[in-house]
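1. Sequence plus the predicted model coming up.
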Amino acid sequence: AHIFGMLAAPIVSALALFAPLAGNRPARLHGAGRAALGGTMAVGGWVTTGSGLRYNDMMIGAGEAPEAGTRVAVQYTAKIASGDLNGQVYDTTRLPSGNGEPYVFTLGKRRVVQGWDEGVSTMRVGGRRTLAIPNSLGYRGLSYIGNRQRVPPGADLEIDVELVALPSGVDLTWTRRILTLENAGPFGILFVVGVFQGLAALPPDDLPPWLLDLIPTVLGSQFSRD
């Protein structure tokens with residue numbers, strides 16, 4: 001048990017270190033995370049809110065409405081809607097350009113641009129709408145590197161978004177960016193170091209001489225016989 005405890009420490013530390021870099025990326029929904037889709041065709045045209053956001057419902061959802069702090073799962077296609085790149089898709093979850101998995105984020109926590117946050121907040125599960133987001137509610141004077149295209153500073157945006165579910169449970173989507181083949185090397189090193197730290201904690205008489213000689217070689221300055 002002591003050895004397993006010592007092995008867990010460096011691995012947990014590594015996850016904590018890489019988690020802020022990973023972001024919240026598309027995730028597969030299971031069980032309660034999935035919701036039955038459905039709704040009615042929308043009638044009418046564009047609606048303008050007090051912030052300047054414009055939206056046009058293509059489908060009115062029949063499911064649950066999200067609240068601030070709720071995790072929402074969406075399928076979307078995002079385009080640049082101004083300048084020389086007008087009409088260019090810069091990011092999408094939909095096939096064939098995307099991976100087909102919904103994007104999950106927490107509503108009202110500034111995980112996405114303001115116009116997107118506001119636009120999804122008044123939807124219901126199963127709904128689909130187009131958001132016309134002015135640059136003041138988008139990336140403003142900042143640039144953004146999408147999966148398919150760079151968004152220039154000051155660009156207006158158009159996002160076709162469908163609210164597919166309100167996932168429940170703990171958000172572990174960031175692990176999909178950490179536990180990859182590219183990170184196998186660092187995690188392998190952490191694992192080996194953890195194993196030898198556990199072995200170093202054992203009484204010397206319980207270990208063969210060759211292993212006793214190998215421990216300081218692996219651990220270096222971390223190891224002391226005192």
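-> Good, I have the coordinates. Numbering: from 1, shown residues only.

2. can you pull out the helices in the protein?
-> Along the chain, counting by DSSP state H, helices occupy 2-22, 114-121, 175-178, 184-200, 209-219.

3. Counting neighbours, which bits of stretch 131-141 end up buried?
-> 131-135, 137-139 (16 or more other C-beta atoms under 10 Å). Where C-beta positions appear, they are placed from N, C-alpha and C, glycine not excepted.

4. Show me the two of those residues that sit farthest apart.
-> Greatest spatial distance among these (C-beta to C-beta): 132 and 139, at 14.8 Å.

5. in the protein, what spans have low per-residue confidence?
-> Within the chain, the set of residues satisfying pLDDT under 70 comprises 1-44, 170-177, 221-226.

6. For it, which segments count as strands?
-> Taking DSSP state E as the criterion, the chain carries its strands at 39-41, 47-48, 54-61, 71-80, 89-92, 103-106, 128-133, 144-145, 150-151, 157-165.

7. Let me have these in TSV, adding distance to residue 220 as columns.
-> Formatted as TSV, the strands of the chain follow (distance: least, C-beta to C-beta, whole Å):
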stretch	distance to residue 220
strand 39-41	62
strand 47-48	64
strand 54-61	58
strand 71-80	43
strand 89-92	45
strand 103-106	41
strand 128-133	53
strand 144-145	39
strand 150-151	44
strand 157-165	49
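
8. Ok, which of the ones you listed comes nearest residue 178?
-> Across the strands of the chain, residue 178 has its closest neighbour in strand 103-106 (15.9 Å, C-beta to C-beta).

9. partner strands of the closest one, parallel or antiparallel?
-> Using DSSP bridges, strand 103-106 pairs in its sheet with strand 71-80 (antiparallel).

10. Could I have the CA atoms of the strand it pairs with written out in CSV?
-> Extracted as CSV, the C-alpha positions of strand 71-80 are listed here (Å, rounded to 0.1, in the frame of the first residue of the first chain):
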residue,chain,number,x,y,z
ARG,A,71,-22.4,22.4,-18.4
VAL,A,72,-23.8,22.4,-21.9
ALA,A,73,-22.8,20.2,-24.9
VAL,A,74,-23.2,21.7,-28.3
GLN,A,75,-22.5,20.9,-32.0
TYR,A,76,-21.5,24.0,-33.9
THR,A,77,-19.9,25.5,-37.0
ALA,A,78,-18.3,28.9,-36.5
LYS,A,79,-17.6,31.3,-39.3
ILE,A,80,-15.9,34.7,-39.8
